[in-house]
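Participant: I'd like to go over a predicted model; first the sequence, then the structure.
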Amino acid sequence: MTRSKTIRAATVICLCLLSASTGHAYPKSAPWSELERYQETITRKEFEHLLTRFYNPSKVIYRYLDINDQRVIIYNDRGNSKIDFTLRFAPNEASKKPASFTYKTVSDLNALRNPPNKPLQGVKIALDPGHIGGKWASMEERQISWASYPLIREGDANLIVSKKVKPRLEELGATVMLTHEISEPLTPTRPEDYMAEARAEGRSGGALRRQAEMYFYRREEIYQRGQLLKNKFRPDFNLSIHFNATELSGGGTITHDNRHAFFINAAFGPDEVDREMWRYFLFSKLLERSIPMEAAMGDSLTEEILKVAPLRANAYAWTKYTCPINDNPYNNGRNLAMTREFPGPTVLCELFYMNNPWTAARMTAGDYAGTKYIEGAGGTYRSIYEDYADAVVNAVRRLFTQWTVEGYPKPPPTVVTKSWEAGPDALTTVAASASARHAATHSTNEVAHLLPVKKR
Ligand SMILES: [Zn+2]
């Protein structure tokens, strides 16, 4: 993978997300006909704005396109010899046909007119506890051990948070599905099933085994979760729950840095558009037009997590593989497996660095009720899982209340929502929350600047 190229800072988003080429049940060719529902639902102007501002700022995708005011032909190859799909544009805004989206748009949500105590009634939320965890955590390269602390397995931690969030969203009226409930894979396949494919790619020895494992726990597992959501649930919103770590965490390396980030599907890299499945997902995400809702969710999550853990932003800015979504530095555009392959609006949460001593001390203290003095974190805290879950629940409640309960103020426009409303020519000016900007620029990330419930 293009790990060193893609990751600008010393930090790395969970690598399970960067799935690779074709394989077992992962399709060899894309279901292009599923895009038929979007015929004449978008103008060329809006299409190109979304394409060049968000989904492929490098514009390399144009080598696969033949575009005019009437339609865009999407080719299978750079030589433009085989057509995958032709999308007809609406001639103008007024003549756009209504698209049938798989999720509830903001106007669908407005029409729910929910009571204030049940803002999520009629809303389907999918929670994806990142990774598999348990006995698979070592293979996933998602467990860390250092000093005298017990092992931290990210997949298990993500499950703790997700299971705390689920009943609370249900209490607010939501229908909630977890992509998995235990530390076991959804896919029935195992690494052995991918050995032949990895061997055919010319790999051998340890590299062969690692590639086969990656096809299992990364590419296939994430694809299966997406298929489960698409075929069995049809979520109105997906949240993928992760704890982050820096790149060297696998070797037990500690960092004193500690940050948060949210990821939204965007910024397909110049080479990433060469894969048919990824081109398909690029256009299916673009045509889904979920990015304003994703940006609003990222903003809401930012507001809420900073109340309980005011850490700086892990902001990737403009690179070949990342882009800002709006001027909230915590919101990053990136082509990741969950954000790419889950149906409907999706935000991936990457909170804390597990290989930071303060985070690790709190994580290894486990989940508990009330507050507790945590030696290694130098203060008295709620459980870190409780802080995480609380932030997610509050963010979802606040945002959906604005969308579904009549008379509640609408969320402040993000850059995306504003440009959306103003048309494709509008440029980026609107604000992230003041607290997000402040935390992004002023926090020192030292333990003393964090917010324990009270010092002992
Ligand atoms: Zn992760």
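Facilitator: Looks like it arrived, so ask away. From a predicted model like this one, the values you see are computed outputs, not experimental measurements.
Participant: contacts, neighbours, all on C-alpha from now
Facilitator: Will do.
Participant: Roughly how far does the closest residue to Ser81 other than its chain neighbours sit from Tyr280?
Facilitator: What sits nearest to Ser81 in space, not counting adjacent residues and going by Cα to Cα, 6 or more residues apart in numbering, is Tyr75, at 7.1 Å. Distance, Tyr75 to Tyr280, using Cα to Cα, to the nearest Å: 11 Å.
Participant: wait, does the strand ranked longest in the chain contact the ion?
Facilitator: Using DSSP state E to define each element, the chain has its longest strand at strand 237-246. Yes: using Cα under 5 Å from the ion, strand 237-246 reaches the ion at His242.
Participant: Send me whichever helix or strand comes after that strand as CSV with only the CA atoms.
Facilitator: Next along the chain after strand 237-246, taking DSSP states H and E as the criterion, comes strand 259-264. Written as CSV, here are the backbone C-alpha positions of strand 259-264 (Å, rounded to 0.1, in the frame of the first residue of the first chain):
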residue,chain,number,x,y,z
ARG,A,259,-5.7,14.1,18.7
HIS,A,260,-9.1,13.5,17.3
ALA,A,261,-10.2,13.2,13.6
PHE,A,262,-13.3,12.4,11.7
PHE,A,263,-13.2,10.9,8.2
ILE,A,264,-15.7,11.5,5.4
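Participant: Around the ion, pick out the residues from the stretch 151-300 of the chain.
Facilitator: Neighbours of the ion within the stretch 151-300 of the chain, by Cα under 5 Å from the ion: His242.
Participant: can you list the weak-confidence ranges in the protein?
Facilitator: Low-confidence regions of the chain, defined by pLDDT under 70, span residues 1-24, 147, 248-252, 409-456.
Participant: The one residue in the stretch 201-350 of the chain that gets nearest to the ion: neighbour count?
Facilitator: Closest approach between the stretch 201-350 of the chain and the ion, counting by Cα to the ion: His242, at 4.5 Å. His242 has 26 neighbours, counted by other Cα atoms under 10 Å.
Participant: got the contact list for the nearest residue to Arg88 once chain neighbours are set aside?
Facilitator: Distance criterion Cα to Cα, 6+ apart; nearest residue to Arg88, sequence neighbours excluded, is Arg71 at 4.2 Å. The neighbours of Arg71, taking Cα atoms under 8 Å, 6 or more residues apart in numbering as the test, are Arg44, Thr86, Leu87, Arg88, Phe89.
Participant: Show me the two of those residues that sit farthest apart.
Facilitator: Arg44 and Thr86 (12.8 Å; Cα to Cα).
Participant: Need the three-state assignment for Asp66.
Facilitator: strand (DSSP: H, G, I helix; E, B strand; the rest coil).
Participant: How about Arg219?
Facilitator: What three-state DSSP gives for Arg219 is helix.
Participant: again, but for the one 4 residues further on
Facilitator: Reducing the assignment at Tyr223 to three states with three-state DSSP gives helix.
Participant: so it touches Tyr26, yeah?
Facilitator: Yes: counting by Cα atoms under 8 Å, Tyr223 touches Tyr26, with 6.7 Å between them.
Participant: These two: which is more packed in?
Facilitator: Per other Cα under 10 Å, whichever of Tyr223 and Tyr26 has more neighbours is Tyr223, with 23 against 17.
Participant: thinking Gly379 is in contact with Thr371, fair?
Facilitator: No: Gly379 is beyond contact range of Thr371, at 9.9 Å (criterion: Cα under 8 Å).
Participant: Looking at these two, which is more packed in?
Facilitator: A count of neighbours by other Cα under 10 Å puts Gly379 above the other of Gly379 and Thr371, at 22 against 14.
Participant: list the contacts for Thr43?
Facilitator: Neighbouring residues of Thr43 by Cα under 8 Å, 6+ apart: Phe89, Ala90, Pro91, Asn92, Glu93, Lys96.
Participant: Next, work out how far apart it and Leu178 are.
Facilitator: Distance from Thr43 to Leu178, by Cα to Cα: 36 Å.
Participant: And what about Asn326, helix, strand or coil?
Facilitator: Per three-state DSSP, the secondary structure class of Asn326 is coil.
Participant: switch to numbering from 39
Facilitator: Got it, first residue is 39 now, which makes that one Asn364.
Participant: okay but it is in contact with Met335, surely?
Facilitator: No: when contacts are counted by Cα under 8 Å, Asn364 is not listed as touching Met335 (12.0 Å).
Participant: Go through the chain and flag its longest helix.
Facilitator: Scanning the chain for the helix with the most residues, using DSSP state H, yields helix 422-442.
Participant: Which stretches in the protein count as helices?
Facilitator: 41-44, 82-88, 144-148, 192-209, 233-238, 243-252, 259-270, 314-326, 329-346, 375-379, 395-402, 422-442, 453-460, 472-480.
Participant: Tell me which other helices or strands the second one touches.
Facilitator: Based on contacts counted as 3 or more Cα pairs under 8 Å, 6 or more residues apart in numbering; DSSP states H and E, the elements that helix 82-88 packs against are helix 314-326.
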